[in-house]
Each structure stands twice: as C-alpha cells, then as structure tokens.
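Asker: Provide a 3D model corresponding to the input given below.
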Amino acid sequence: MQDPVDHILQQWKNTKPNLDCSAMAIVGRLRRVDKSWEKQLNTVFKHHKISSIEFDILATLRRNQVPLTPTQLYKTLMLSSGAMSTRIETLVQRGFIERVSSDKDRRSCKVALTELGITIIDATLEKHVQNMDNMLEVLTDDEKIQFAALLKKVALADQAL
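Answerer: Residues are numbered from 1 along each chain as shown. Model prediction:
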C-alpha cells in the first residue's frame, strides 16, 4: 500500500535519481502525521471547551500537584511570559485556576488549580489518553516501545544542537 509520501519520493527519484531523499520518507510522514494528530487531539480539547495550551497549563499544574509560579509554567511550556500571563488570566476568569499570594514576597504569586479546574483536567485527561491510545492502535505494544525510543533518540539529538 502506498501513501502520498511514496508518490513524492518516486517523483524525486525520477527527477533527481542521484539524490538520496530517504530522509523525506521519515520527515514528510512525521509532518503529515503531526497535522492529522493535532486535529484529533484538538477534538477532545474542544469537546471540553479548552484549547491545547490551556490543557497543557492545567495538566502541568495537575501532575506537579503543587502551585507553580507563572515563570515555572512558561519555562515548562515554552511560552513567552506575556502569553502565559494572558492564558493564566483567562483560566482565572473561567474559575479553573486561582492565584495564590506568596507569604514571603507580596509581588510574587503562584498558580493553583481550583476544584473546578481539577474536575475539568481530570475529565479531559481521561479522554485525551483514550484518544492517544486510539491514534496508536495501529502499532503493537513492542512497536510503540520502539517508536517511543526512536523518537526520544531524535529529540535528544535535536536538543544537543
């Protein structure tokens, strides 16, 4: 069975037979899968009326189990401080998180999940994990382990650049 990337590779082979385009087989498919998966992931987030970045913020707070500073959040999520401030304000207004003042420094605060925020992230997380499992059901358990290891190897090499 062929996919669109096979067609592209064949075209390059016909046009530039001496050029090794094998990397396109991997990168092209990863990019296509990424676009498809992003749509599938966003379906769950939209159902729960949150964006993917709001999910990431709520999930980060949930898995850390302690309030975090906006700086800790934006460094974890690779957002600018301005973008994080805007997202935090939106989540505060929606009642999903609250600002917790510091006892030591009045200028500083941390962000914590509210009970509503915990309810929303827990419900969304359950569906999110099910969705990801569905997205990977084409792979065997061993293939999933191998795929994760290979992606980790590429990701770690990318960080070294």
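
Asker: Same question for the lowest-mean-pLDDT helix or strand in the chain: list its buried residues.
Answerer: Taking mean pLDDT, DSSP states H and E as the measure, the helix or strand of the chain with the lowest value is helix 70-77, at a mean of 85. For helix 70-77, a neighbour-count test (16 or more other C-beta atoms under 10 Å) marks 70, 72-74 as buried. Backbone N, C-alpha and C define where each C-beta goes, glycine included.

Asker: now the helices for the chain?
Answerer: Using DSSP state H, the helices found in the chain span residues 4-15, 22-47, 52-64, 70-77, 81-93, 115-135, 141-160.

Asker: Go through these and name the closest to residue 104.
Answerer: For residue 104, the closest of the helices of the chain is helix 70-77, at 15.3 Å, according to C-beta to C-beta.

Asker: counting contacts, what elements does the closest one pack onto?
Answerer: Helices and strands touching helix 70-77, as assessed by 3 or more C-beta pairs under 8 Å, 6 or more residues apart in numbering; DSSP states H and E, comprise helix 52-64, helix 81-93, strand 109-113.

Asker: Report the rounded mean pLDDT for the last one.
Answerer: Pointing back at strand 109-113 there. Averaged across strand 109-113, the pLDDT comes to 93.

Asker: what's the offset of that strand from the middle of its chain?
Answerer: Relative to its chain's centre, strand 109-113 lies at 21 Å (C-alpha atoms, centre = their mean, to the nearest Å).
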